[in-house]
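Q: Here is the input, now give the coordinates:
(chains A and B)
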Amino acid sequence: MKRTRTQIAAAFAVAFLVLALPVFGQRHPSELAPPPPLSFKAPKPVMFTLGNGIRVAYLQDTELPLVWVLGYFRGGSLYEPPDKTGLAQLTATVLRTGGTKSRSGDQINEELEFIAATIEAGGGSEFMTATGSALKKDFAKLMEVYADLVMNPAFPQDKLDLARNQSLEGMRRRWDQPMQVSDILFQEKLYGPGSPYGRRSTPATLRAVSREDLAAFHKRFFSPTNLMLGVAGDVPVDEVKAVLNRVFKGWAKAKVDLPEPPALAERADGTIYYAYKDTPQANMFLGHLGVRRNGPDQYKLDVLNNIFGGGGFTARLMKELRSNRGLTYGIYGGVDAGRDRGAFMVASTLKAANFTEALGAVKDIIRDLQTKPVTDEEIETAKNSLINSFVFNYEQKNQVMAQAMILKLQGFADTYLDTYIENIRKVTKQDVLEAAKKYMDPDKVIVVVVGDEKKFDKPLSTMGKVKEIDLKALVEAERGPQK
Amino acid sequence: MVTHKRMKSSCFLLILALLAVPALLPAQSLEEKVTAHTLKNGLTVLFAERHGAPVFSTLYGFKVGSVDEYPGITGTAHLFEHMAFKGTPRIGTKDYEKEKVLMDKIATVGHDWSVELAKGDRGDKDKVAALRAELTKLEQEQKAFIVKDEIDLIYSNAGGTGLNAGTGTDQTMYIISLPANQFELFCLMESERIRNTVLREFYIERSVIQEERKETTDAVPARLLSEMFMGAAFLAHPYKNPVVGWASDINSVTLEEAQAFKNLYYTPNNCVLAVVGDVYPAKAIPLVEKYFGDIPRGEDPPIFRTVEPKQLGERRVRFEFDAEPQLMMGYHKPNFPSKEDAVANVLAYVLTRGRTSRIYKDLIQDKQLAVSVSALAAFPGDRYPNLFGFRAVPRFPHTVEEVEKGILEHVERAKTEPVSERELQKVKNNIDASYIRSMSSNFGIAMTLVEYQLLYGDWKLFKKYRELIAAVTPADIMDFAKTYLTPENRTVAALVKKAKAS
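A: Okay, the predicted model is just below:
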């Protein structure tokens, strides 16, 4: 602080001049007339099925000379053997980098990058994905490589080693950032270490994966009848059909078996899990299981989530913990819907010296939602926000297509988007109260906190039953002896 | 660009990443879409029409960032950016007259408290506690008059998305996207914010920022390394300071200092606004004139004096932290619109962009010394001469030293061996395609328009960048490497794992 008194005094004077401006000439939006209605016809992708059973979603977009491709195969990490956790992601990575029976991976890299085209593959929990993009003039070329990769991947040993080595390094580093540590521990405690939703890959499970495993995992899910493929961009539909029929020619249909994973059981019992890490703040996740997606209360939950912790600064969590108390840079939460149960959760990095105060405040906010109806203003803002911002779902055509595909794959009704606004309008304060009672339980939530308890305002034991996690031992056990 | 935002949002980060190499658009089609209009007070407004979905995105920037700060007030550009969400004498309050009485007291008590805090260990602890208690009491009283985050409330009701702001080294930007029928609301809200921002709840927000610094820098190895690196790479130039500010400064900067800083830079003549999407300039310009036109023109911002002296020898930083090792390297170079800047962009692609780039193939795929190496063509800012450099993440058991050696071999190769025609063409094809891709979002276009207009005075300079890239030859790349990528012009910083820590 090197500023002199005079400088500060001068700044002070300027400040008061501005603060003292007369109200004259200042405006408030309540003075505006209501805006004219929006008229808009939502673009919808065309859906059709190719001879070999590939379902295609297509949306024309002539604005730019570009094309996007998005493929979803059902299947993913939910179907990995537990001792090979990480197989889905390794399969996806090596599918892309390992080349095909007729083109090496390096050759494909060269071909694609010269024309500024991209293809990437991913392994999620319930879908394997393959995305692509190119200039429209290169659409046929892009699809030739794309089809070859998804139909005939070679999975060479050297590219498996590369992918595995990269993942192993990622695992060494996942303990470096406290919020990530907190997230990892929370997922495990929430779903259970044996659940396909909660288990995480380790060096041991990655090392157990062979190239035969990759080939078998690929064979199990990569079938034309198990693929939904989206194409959006400046390529006419007839050309898309012709190219797709050509590049996927001869791809044999195969039956894909997708057994439902074991149902999740609630494990949350109010325990506070504490892991010591020398870090300046307290990194917290709390929650319990959530709700199955596409359920009867989804619109009520959209409104509740917006009010609770999903609506930015108008949400109660942000308003109280950040804006009123200054205890965090951000706090988010809500009841998320998932394939089986999803999660009810709250996540935040909090000021260590006020951690138990903050935890208490979060629980109070939950209890308040369960005992008192939200205010008229809150429900109105939440509904207005969801309804009036709905049009942003249509801002980019490739997103419109992706959204239509995922809704279809997840079993949402074809009318879901068309009736969304109407369904949100119907939600009442009573609905929100009931949803909060039904889907949130502040006494049952598990809390994971990573930080240094000595810096906290009160011992964690004042907040509930505490179990300590020895992070150092956990990391060492995971890594095994270091060469 | 190092940016600190008002709130976390992955979308904003993504776009910034996209713009790491300034992302530009196909010249012809962008120029056709743009209508430029300058108000009498100096505010430049750029419209780009895209009549797809009935929405528009806006982005306006002031040419002020951490580069305009000096010791003692680092972090103030960012702090003020947070304060710009706190309302005006009409927005955010139930009774401004009564609230203002309390705010004046808060200003006085907060000032005295901050002065005492700034004394550190030599300060009077009892006085600090007493002033803190008094401040808390006043803040509680003020709450009765506050309409909490009313700017957020108004935009949420209107269907706004992505309300946010970001402060970088060079500029501060404010963003909001709205349905197409809300353009007048946008004009009213933003003209009020520019003209009449009230620094409501200043000292609470200051503590939010202290938490932001801990969360986004002190606990993040890559950010901490960047802070150590910049401090060594720049001796004199304020690019050495972190955007979020040094902890001592954000712990004690006062409301008056933030207001004074704002008054110097938040003028219409130091601002560029872009509106991209379903808007018709003929209808929109009269509204812009009505709402923004009577904001008084300000003085020119203070002149910027400091020039980084020529680096006379290699600088090295090495520090221990409870994390796996990482490396940063950098070399001073000229900024846009120099020829060297374009050459640096091409070289960054040649070395590390994509799986066919030289360093990817050699150090990541073949030797597997590292899991990632990224060349950065222009950092930490673009307003003043900046750096070309690298960020690298070694793969265990390989060390930062091995990775540095590997990178330097490619730097040497760039000096002696010309890039092949096909390699160069591939890079140019990719830079071209990235222009086109960035045009697929309203926000991406707005970002491009504002950056060029605000930093270099002419949005059409995006064409200049294209021309410069198109003209780059293999000999230019060798010249650049020989001239700038020298040991005496180099800074290297390494984070290494603390000997005994988990």
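
Q: could you pull out the strands for chain A?
A: A:46-49, A:55-60, A:66-74, A:118-123, A:127-135, A:227-233, A:272-276, A:281-289, A:291-292, A:328-335, A:337-338, A:343-351, A:446-451, A:466-469 (DSSP state E).

Q: so where do the strands sit in the stretch 151-300 of chain B?
A: Using DSSP state E, counting those that start in this stretch, the strands of the stretch 151-300 of chain B run over B:161-167, B:172-179, B:271-277.

Q: can you list the residues of the stretch 201-350 of chain A near chain B?
A: Residues of the stretch 201-350 of chain A lying close to chain B by C-beta under 8 Å from any C-beta of the partner chain are A:277-281, A:311-314, A:319, A:322-330, A:349-350. Any C-beta I mention is one placed from the backbone N, CA and C, and that applies to glycine too.

Q: care to break chain A down by domain?
A: Under the assignment automatic domain parsing, the domains of chain A span A:46-247, A:272-479.

Q: As a markdown table, those domains with mean pLDDT and mean neighbour count would be great.
A: Below are the domains of chain A laid out as a markdown table (pLDDT from 0 to 100; neighbours: other C-beta atoms under 10 Å in any protein chain shown):
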| stretch | mean pLDDT | mean neighbour count |
| --- | --- | --- |
| domain A:46-247 | 97 | 19 |
| domain A:272-479 | 96 | 19 |
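
Q: what about the ones you listed, which gets the closest to B:Leu369?
A: domain A:46-247 (10.8 Å; C-beta to C-beta).

Q: Now residue 479: closest residue in space, sequence neighbours ignored.
A: Picking chain A for this. A:Pro203 (6.5 Å; C-beta to C-beta, 6 or more residues apart in numbering or on different chains).

Q: sorry, should have said chain B
A: Per C-beta to C-beta, 6+ apart, closest to B:Asp479 is B:Val343, 7.8 Å.

Q: Run a quick neighbour tally on the one you found.
A: For B:Val343, the tally of surrounding residues (other C-beta atoms under 10 Å in any protein chain shown) stands at 27.

Q: Find the residue at the geometric middle of chain B.
A: B:Gly168 (2.2 Å; C-alpha atoms, centre = their mean).

Q: Tell me how far that one lies from chain A.
A: Using C-beta to the nearest C-beta, to the nearest Å, B:Gly168 is found at 18 Å from chain A.

Q: is it true that that residue touches B:Val244?
A: No: checked against C-beta atoms under 8 Å, the pair B:Gly168 and B:Val244 is beyond contact range at 11.0 Å.

Q: secondary structure element for the residue lying closest to B:Lys339 once chain neighbours are set aside?
A: Closest residue to B:Lys339 apart from its sequence neighbours, by C-beta to C-beta, 6+ apart: B:Leu468 at 6.1 Å. Element membership for B:Leu468 (DSSP states H and E) is helix B:461-471.

Q: count of residues packed around whichever residue of the stretch 51-200 of chain B sits closest to chain A?
A: Per C-beta to the nearest C-beta, B:Gly159 is where the stretch 51-200 of chain B lies closest to chain A, at 2.5 Å. By the measure other C-beta under 10 Å, the count of residues near B:Gly159 is 23.

Q: quick one, what contacts it?
A: B:Gly159 makes contacts with A:Asn384, A:Ser385, A:Ile387, A:Asn388, A:Ser389, A:Phe390, A:Val391, A:Phe392, B:Leu178, B:Pro179, B:Gln182, as judged by C-beta atoms under 8 Å, 6 or more residues apart in numbering or on different chains.

Q: Relative to chain B, how far out is the fourth one?
A: As judged by C-beta to the nearest C-beta, A:Asn388 and chain B stand 2 Å apart.

Q: Now do the phi/psi pair for the nearest residue to that residue once chain neighbours are set aside.
A: Of all residues not flanking A:Asn388 in the chain, B:Gly159 sits nearest, at 2.5 Å (C-beta to C-beta, 6+ apart). Here is the backbone geometry of B:Gly159 (degrees, to the nearest 10): phi 90, psi 20.

Q: Quick check on B:Tyr331: phi, psi?
A: phi -130, psi 130.

Q: need the contact list for it.
A: Per C-beta under 8 Å, 6+ apart, neighbours of B:Tyr331: B:Leu387, B:Phe388, B:Gly389, B:Tyr484, B:Leu485, B:Thr486, B:Asn489, B:Arg490, B:Thr491.

Q: A:Leu168 against A:Pro203, yeah?
A: Yes: assessed by C-beta under 8 Å, A:Leu168 is found in contact with A:Pro203 at 5.6 Å.

Q: so how far is B:Ile106 from the residue in chain B sticking out farthest from the centre?
A: For chain B, the residue at maximal distance from the C-alpha centroid (C-alpha atoms, centre = their mean) is B:Asp126, at 39.0 Å. To B:Ile106, B:Asp126 is 21 Å away according to C-beta to C-beta, to the nearest Å.

Q: where are the low-confidence patches of chain B?
A: B:1-4, B:7-28, B:500-502 (pLDDT under 70).

Q: domain assignment for it?
A: B:25-292, B:315-497.

Q: Using CSV, lay out the contacts of B:Gly159 together with distance to B:Glu211.
A: Below are the contacts of B:Gly159 laid out as CSV (distance: C-beta to C-beta, whole Å):
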residue, distance to B:Glu211
A:Asn384, 30
A:Ser385, 26
A:Ile387, 33
A:Asn388, 32
A:Ser389, 28
A:Phe390, 33
A:Val391, 35
A:Phe392, 30
B:Leu178, 30
B:Pro179, 33
B:Gln182, 33
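
Q: from these, which ones fall inside helices?
A: A:Asn384, A:Ser385, A:Ile387, A:Asn388 (DSSP state H).
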